[in-house]
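K.L.:
Next comes the sequence, and after it the predicted model I'd like to discuss.
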Amino acid sequence: MKVELENLTKRWGKFVGADGINLAIGDGEFVAFLGPSGCGKTTTLLMVAGIYKPSEGTIRFDGKVVNTVSPKDRNIGMVFQSYALYPHMTVYQNISYPLKLRKMPKRERRERAQDVADMMGIGDLMDRKPAMLSGGQQQRVALGRSLVKEPQLLLFDEPLSNLDARLRLSMRGEIKRLQMELGITSIYVTHDQVEAMTMADRIAVMKDGKLEAYAKPDELYDRPRTLFVAGFVGNPPMNFLKVEVTREDGEYRARAEGIDLLVPAERGEKAVIKGEVIMGIRPEDVSIADGGTQGEIYVVEPLGRDDLVDVRIGDIEIHVLANPTLGTKMGERTSLKFDTKEVQFFDPETEQSLIWN
Amino acid sequence: MTVRQRLWRGVPYLILVLSVLPIIVGYFWLVLSSFMTRTEGLLPVGNLTLKHWSFLLEPPFGRGYPSIWRVTLNTFLIAAFMTIVVVLVSALTGYALSRLNFPGRKGFLSLTLILHAFPSVTLLIGTFFVLRALNLYNTSLGVGLVMVGFEMPFGIWLMKGFFDGVSWDMERAALIDGASRLQVWWQVILPTIKPGIAALAIFAFISGWNAWLIPKTFTIGAGQQATLSVYLQNFQGETVAVDWGSVTAVGLFQLIPVAIFFIFTQDLLLNIYSGGAKGGA
Ligand SMILES: Nc1ncnc2c1ncn2[C@@H]1O[C@H](COP(=O)(O)OP(=O)(O)OP(=O)(O)O)[C@@H](O)[C@H]1O
Ligand SMILES: [Mg+2]
């Protein structure tokens, strides 16, 4: 099923929860809503579900306006962060509840629920109450309940954020696989950019109720259109520093106190018009190597495979991913090499990209 | 464990036992004196007797007065009526107040709270005129309705507190699963606050069973509409000497169902505090 949101807005009095959202989701597509806490992800999702009435704008399912259609008639399934299982019902009763409401005969209900439960790997827990299940099992029940009525649209509201890291990783894969196999159009709300990047076909980045960007993961990563997107997508986050871009002898240079970098001409020429700009460079494009920009190691955070090293060049703070075998130590002098191939430039006033707009 | 530690462990028990001792002695005296011809102070004198319990077989005040069984039935009916109406209306009102945003919600809430805190005695005279105007004075229905009314603010606040504790997500999940609002309320929300419902039901029943002030005020004498508490008072008539033996026997008779009820439901009753505590606006 195709989903289109047009100028979708939700207000509570003067407060705007979602502000003129425009986006289209293709049939079978997996879209993530990504953004910091309170940016309106859940609000938007609940409007799509029919729980909140939009203050303005339209929601279309396969071209039909569904603004006034009640949730039960939208044929959607939803998984909540809190799982929202019915505590007084067994796993079987939870999963089959949507079917019971559709007045499906008991035998068919039993079969369908069992099929779904088996698919979720909880087929042998049917008679337990939710309180007797682990968090991961509860999550599977919630997922099963949302799938059992074969919905045309699946909505996920941070379904994995209450699970431990390892389980989150495996559930991530499972949900992704399930969605691909069943081909159900899905909206997945998360504030975890890794989750969004790894699972989604397209990501809608939200900020303060507004849609900030809507693009494929690699496009968001390589060609961020705003400072916010550049900073939010990618882990560890992109470094930002104020620089002055100039053109000298046909070459473009980005300068700040203690820093003088050669930047690619096709990117530099976009920034030179503005002069004073914000430069963005990802930690993986900076390395610790001799003969580069001089700085001092401020703090070292071991991440296991890499060390995240915070280097100060005067007042400028640069995060670098370094090999732990280098043995970087706090307080030492060091030297940084910048790979400026993927460097980004932003207008300091509008915070828009100077390269991609 | 040393002897000293053991002694220390006993201290809290000692304190608890001492503090409930007066109550235990009171009950003990109550039971004892209902079977004794006479008591002096706390000590029984005289012989064992069943005469104070004779009210079970014959009306003690002669003809024109109802039998104890009629009075018990009255009391039970009023308590049951009160339980059903209070629970049903409070559950619906509490749900609306907890979940829906309608004009006047805030005002209604504060009004309920004020009424809850209001001493109901001060409303008796006004209520009397209302009942008379409605032709409900000296009827069981009238008494029942007034008691329901006085119990309602408490019930509504309690239920609202319990509904507030139910997650919105669960309700939304049920709506998305295909339930109507009423189905959500009945099949999903109510079962999860069963302890609250049970607690309110027990509370309402006991307060109906023990009610004295309202039945006393809105019925005449110990007529056919009398409830147990009112009936009990007839033994303390102004003109004859108080028959304490019979008073204790009838008192015990009234107490027994409540005590049994209480033993079986005390766990549920404790829930009233976990749910009611959340009753903010
Ligand atoms: N029913 C409501 N009434 C008033 N304001 C609300 C309501 N629901 C949400 N809001 C406000 O709208 C904004 C967006 O909320 P929303 O729940 O959509 O955030 P979110 O992006 O899902 O955040 P999170 O990641 O924390 O879940 C928040 O500032 C929130 O306080
Ligand atoms: Mg949310």
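P.N.:
Here it is on my side, so go on. This is a predicted model, so every value here is computed, not measured. Ligands and ions are numbered 1, 2, ... in the order given.
K.L.:
what's the single longest helix in chain A?
P.N.:
helix A:165-182 (DSSP state H).
K.L.:
List the contacts of that helix.
P.N.:
Helix A:165-182 is touched from outside by A:30, A:119, A:135-136, A:139, A:143, A:147, A:154, A:156, A:159-161, A:163, A:186, A:188, A:195, A:198-199, with contacts defined as CB atoms under 8 Å, 6 or more residues apart in numbering or on different chains. C-betas here are computed from N, CA, C, even on glycine.
K.L.:
Residue ranges in the chain under the pLDDT threshold?
P.N.:
Using chain A. Along chain A, no part satisfies pLDDT under 70.
K.L.:
could you do chain B instead?
P.N.:
B:1, B:41-42, B:44, B:60-64, B:221-223, B:237-241, B:269-281.
K.L.:
longest strand of chain A?
P.N.:
strand A:286-302 (DSSP state E).
K.L.:
Buried residues, that one. List them.
P.N.:
Using 16 or more other CB atoms under 10 Å in any protein chain shown as the test for burial, strand A:286-302 gives A:286-288, A:292-293, A:295, A:297, A:300.
K.L.:
could you redo those as JSON lines and give each row distance to chain B?
P.N.:
Shown next, in JSON lines, are the buried residues of strand A:286-302 (distance: CB to the nearest CB, whole Å):
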{"residue": "A:286", "distance to chain B": "43"}
{"residue": "A:287", "distance to chain B": "46"}
{"residue": "A:288", "distance to chain B": "47"}
{"residue": "A:292", "distance to chain B": "52"}
{"residue": "A:293", "distance to chain B": "51"}
{"residue": "A:295", "distance to chain B": "48"}
{"residue": "A:297", "distance to chain B": "46"}
{"residue": "A:300", "distance to chain B": "42"}
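K.L.:
What parts of chain A come near ligand 1?
P.N.:
Contact residues (CB under 6 Å from any ligand atom) of chain A with ligand 1: A:12, A:15, A:17, A:35, A:37-43, A:191.
K.L.:
Closest one of those to residue A:2?
P.N.:
Proximity to residue A:2 was ranked across these by CB to CB; first place goes to residue A:41, at 20.5 Å.
K.L.:
Distance of the closest one relative to chain B?
P.N.:
15 Å (CB to the nearest CB, to the nearest Å).
K.L.:
Count the neighbours of that residue for me.
P.N.:
26 (other CB atoms under 10 Å in any protein chain shown).
K.L.:
quick one, phi psi at residue A:101?
P.N.:
In terms of degrees, to the nearest 10, the main-chain angles of residue A:101 are phi -70, psi -20.
K.L.:
Repeat that for residue B:49.
P.N.:
phi -150, psi 160.
K.L.:
List the contacts of the nearest residue to it once chain neighbours are set aside.
P.N.:
With sequence-adjacent residues excluded and distances taken as CB to CB, 6 or more residues apart in numbering or on different chains, residue B:49 is closest to residue B:37, at 5.0 Å. Residue B:37 is in contact with B:45-49, B:51, B:245, counting by CB under 8 Å, 6+ apart.
K.L.:
Residue A:316 too?
P.N.:
A:241, A:256-259.
K.L.:
please redo it, this time with the cut-off set to 10 Å
P.N.:
A:239-243, A:256-259, A:293, A:295 (CB atoms under 10 Å, 6 or more residues apart in numbering or on different chains).
K.L.:
ChimeraX command for the buried members of those residues?
P.N.:
This is the ChimeraX syntax for the buried subset of the contacts of residue A:316, where burial follows 16+ other CB under 10 Å:
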select /A:239,240,241,243,256,259,293,295
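K.L.:
Dump the contacts of residue A:316 to CSV, plus distance to residue B:121 and secondary structure.
P.N.:
Shown next, in CSV, are the contacts of residue A:316 (distance: CB to CB, whole Å; DSSP: H, G, I helix; E, B strand; the rest coil):
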residue, distance to residue B:121, secondary structure
A:239, 74, strand
A:240, 71, strand
A:241, 76, strand
A:242, 75, strand
A:243, 80, strand
A:256, 80, strand
A:257, 81, coil
A:258, 83, coil
A:259, 82, strand
A:293, 85, strand
A:295, 81, strand
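K.L.:
which one of the contacts of residue A:316 is nearest residue B:191?
P.N.:
For the contacts of residue A:316, the nearest to residue B:191 is residue A:240 (53.2 Å; CB to CB).
K.L.:
Surely that closest one is in contact with residue A:256?
P.N.:
No. Here residue A:240 does not reach residue A:256: they are 11.2 Å apart, not a contact under CB atoms under 10 Å.
K.L.:
what residues are shared contacts of those two?
P.N.:
A:279, A:316.
K.L.:
ok, so of the contacts of residue A:316, who is nearest residue B:171?
P.N.:
Nearest to residue B:171 among the contacts of residue A:316 is residue A:240, at 43.1 Å by CB to CB.
K.L.:
quick one: secondary structure of residue A:28?
P.N.:
coil (DSSP: H, G, I helix; E, B strand; the rest coil).
K.L.:
Need the nearest residue in space to it, chain neighbours excluded.
P.N.:
That would be residue A:183: by CB to CB, 6+ apart, it lies 4.5 Å from residue A:28.
K.L.:
And for that neighbour, the neighbour number?
P.N.:
Using other CB under 10 Å: residue A:183 sits among 11 other residues.
K.L.:
Quick check: it vs residue A:27, distance?
P.N.:
8 Å (CB to CB, to the nearest Å).
K.L.:
Same check on residue A:159?
P.N.:
Distance from residue A:159 to residue A:27, by CB to CB: 22 Å.
K.L.:
What of residue B:259?
P.N.:
Per CB to CB, residue B:259 is found 67 Å from residue A:27.
K.L.:
show me where the stretch 1-150 of chain B has helices.
P.N.:
B:3-33, B:68-99, B:105-117, B:124-133, B:140-164 (DSSP state H, counting those that start in this stretch).
K.L.:
Which single residue of the stretch 1-150 of chain B ends up nearest chain A?
P.N.:
residue B:101 (9.9 Å; CB to the nearest CB).
K.L.:
and that residue, what are its phi and psi?
P.N.:
Per degrees, to the nearest 10, the backbone of residue B:101 is at phi -110, psi 100.
K.L.:
same question, residue A:248
P.N.:
Per degrees, to the nearest 10, the backbone of residue A:248 is at phi -140, psi 120.
K.L.:
returning to what we had before: filter the residues of chain A next to ligand 1 down to just the ones in strands.
P.N.:
A:12, A:15, A:17.
K.L.:
neighbour-wise, which of those leads?
P.N.:
Most crowded among those, counting by other CB under 10 Å, is residue A:17 at 21 neighbours.
K.L.:
can I assume it is in contact with residue A:52?
P.N.:
Yes. If you go by CB under 10 Å, residue A:17 and residue A:52 touch, sitting 8.3 Å apart.
K.L.:
shared neighbours, those two?
P.N.:
A:10, A:42-44, A:46.
K.L.:
Break chain B into its domains for me.
P.N.:
B:3-49, B:67-270 (automatic domain parsing).
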